[in-house]
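Colleague: Whatever this is, show me its structure:
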Amino acid sequence: MKEFFMPGRLIVSVGIFVVLVFTAGYAVVYADQESVNPVKSPVALEKQLDELTQQLDRLDDDAVWERRRLVKQIDDLRIELLTIGVVNYKKLVYQSVDGLMIPAYLFKPLKPAPNAVPAVIYVHGGQHGRFRPRSMKHVIAMVQRGYVVLAPDYRSSSGYSQEFYEAADYGGKEIDDMLAARDFLITLPEVDAERIAILGLSHGGYNSLMALIRAPGKFSAAVDFFGPTDLLWRLTATPDENPNAEPGDREKFAQMVGKSIDEAPELYRARSPRYLADQIHEPLLILHGDGDGVVLLQESQWLAEALEDAGKQNFAFHIIEGAKHGYPAPVWEKGWQLAFQFLQQVFDKESV
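Modeller: You can find the predicted model right below:
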C-alpha cells in the first residue's frame with residue numbers, strides 16, 4: 001500500500017575532559033563527549049562475553065541487582081558484536097529534564113552522509129524492560145536506510161541501579177526522557193532537526209504516543225506497535241478482561257501518579273492516549289496483532305476510533321493477521337515493512 005494518509009481510519013489486515021559514569025559496572029560515554037567507544041576486536045568481545053556469562057552462572061538466585069547488571073553487560077557486548085563493520089555505535093548518557101542521566105545507544109551509518117539525515121528514537125517495550133540485542137535487526141535496517149537511531153534505556157529500565165529502576169513514572173517523567181532524547185539528537189550536526197520520528201513497541205508504543213501528545217510539533221511522526229492507550233480501563237478491568245493486569249497495579253500507579261485512580265481518575269485520563277486523540281497532530285502509524293494477548297487489540301481500536309472522531313486524517317491503523325505481542329517474528333515483518341515505508345514517506349515529504 002503506497003498511501004498511508006487517508007481520511008479517517010485506515011485498517012488493513014495484514015570536549016576537553018573525558019567524562020565517564022559507571023552505571024552498570026562499565027563505563028558509559030557522556031553525550032557531550034566527542035570520542036567514540038574504543039573499538040574492540042570480535043575475539044576480545046567474545047572473551048569478555050564468556051567471562052561475564054561465567055560470572056552470571058556463579059551468582060546466587062537472590063542476587064537480583066547484580067544479576068540484572070551482568071545481564072545488561074552481556075547484552076551490551078552482544079549489541080557491540082552485532083555492530084562491527086555494520087554500523088557506527090556508541091553507548092552514552094544524556095540528561096533528562098529533571099537532571100537524571102539516561103543511558104542510550106546511538107547508531108549511525110558507517111559512511112557519513114553529505115547532508116543532515118533523519119533520526120528515529122527507538123523506545124523499548126516493558127516499563128522495566130531494556131534495549132536488547134534482539135532489537136538490532138530492525139535498528140540496523142533503519143540505519144542502513146540512512147537514519148541515525150537513538151535507543152534510550154529510559155528511567156525504570158532494567159540493568160542499572162535499584163534507584164534508577166524504581167524511578168518509574170508511567171506516562172510522567174519517562175515521557176520527559178523521550179523529549180530529552182530528541183533534544184540530544186538535535187545537538188548532533190549529522191541529524192536533521194526537522195526530521196525526527198519516534199517509534200516504540202508495547203510500553204514503548206505508549207511512550208511514543210504520549211511524546212506526540214506532550215510535545216506537538218517536536219516530532220515528524222510516530223509509530224506505535226501495540227501500545228496501551230487507556231489507563232482507566234486497564235486499572236479497573238477484571239483480570240479476565242485485562243490479561244496484562246497484575247496484583248498491586250493500583251498501588252504502584254498511585255505512587256507514580258500521586259493519587260489513586262478512585263481519588264483522581266482525571267489524572268489517569270490525562271495519561272491515556274485514547275482520551276487525548278485530539279492532541280495528536282503529527283502523522284501516526286498504529287500497528288497491532290489480531291492475536292495479541294498482552295495488550296489487547298481493542299486498545300488500538302479505541303485509539304483509532306478516537307482519532308477518527310477528532311477528525312484526524314493523517315493516521316493509519318493496520319491489523320497484522322496472525323500476529324501476537326511482538327511475535328512470531330516472520331509474521332511481524334509485515335508490520336516492520338509498513339513502518340519503514342511510513343517513515344520513508346514522512347521523511348521524504350519533509351525534505352522537500
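Colleague: For Val86, the count of nearby residues, please.
Modeller: Val86 has 15 neighbours, counted by other C-beta atoms under 10 Å. Glycine gets a C-beta too; all of them are placed from N, C-alpha and C.
Colleague: Quick check: it touching Ile140?
Modeller: Yes. Applying C-beta atoms under 8 Å, one finds Val86 in contact with Ile140, separated by 6.0 Å.
Colleague: Relative to Asn314, how far out is Val207?
Modeller: Careful, residue 207 is Asn; it's not Val. Applying C-beta to C-beta, to the nearest Å, the value for Asn207 to Asn314 is 20 Å.
Colleague: So these two - more neighbours on which side?
Modeller: Asn207 (29 against 17).
Colleague: how much space between the more buried one and Gly322?
Modeller: For Asn207, the distance to Gly322 - C-beta to C-beta - is 26 Å.
Colleague: for the stretch 1-150 of the chain, what spans make up the helices?
Modeller: 42-58, 64-83, 136-144 (DSSP state H, counting those that start in this stretch).
Colleague: CSV for those helices, including distance to Arg271?
Modeller: As requested, the helices of the stretch 1-150 of the chain are exported to CSV (distance: least, C-beta to C-beta, whole Å):
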stretch, distance to Arg271
helix 42-58, 36
helix 64-83, 27
helix 136-144, 27
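Colleague: could the ones you listed be laid out in TSV, adding distance to Leu201 and mean pLDDT?
Modeller: TSV is the format used below for these (distance: least, C-beta to C-beta, whole Å; pLDDT from 0 to 100):
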stretch	distance to Leu201	mean pLDDT
helix 42-58	25	77
helix 64-83	16	92
helix 136-144	10	98
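Colleague: closest one to Gln301 among the ones you listed?
Modeller: Gln301 lies closest to helix 136-144 among those, at 24.6 Å (C-beta to C-beta).
Colleague: contacts for the closest one?
Modeller: Outside helix 136-144, the residues within contact range by C-beta atoms under 8 Å, 6 or more residues apart in numbering are 79, 82-83, 86-87, 107-109, 120, 122, 149, 151, 336, 340, 343.
Colleague: One more pass at 10 Å, please.
Modeller: 78-79, 81-83, 86-89, 105, 107-110, 117-120, 122, 131, 133, 147-151, 197, 199, 201, 329, 332-333, 336-337, 339-340, 343 (C-beta atoms under 10 Å, 6 or more residues apart in numbering).
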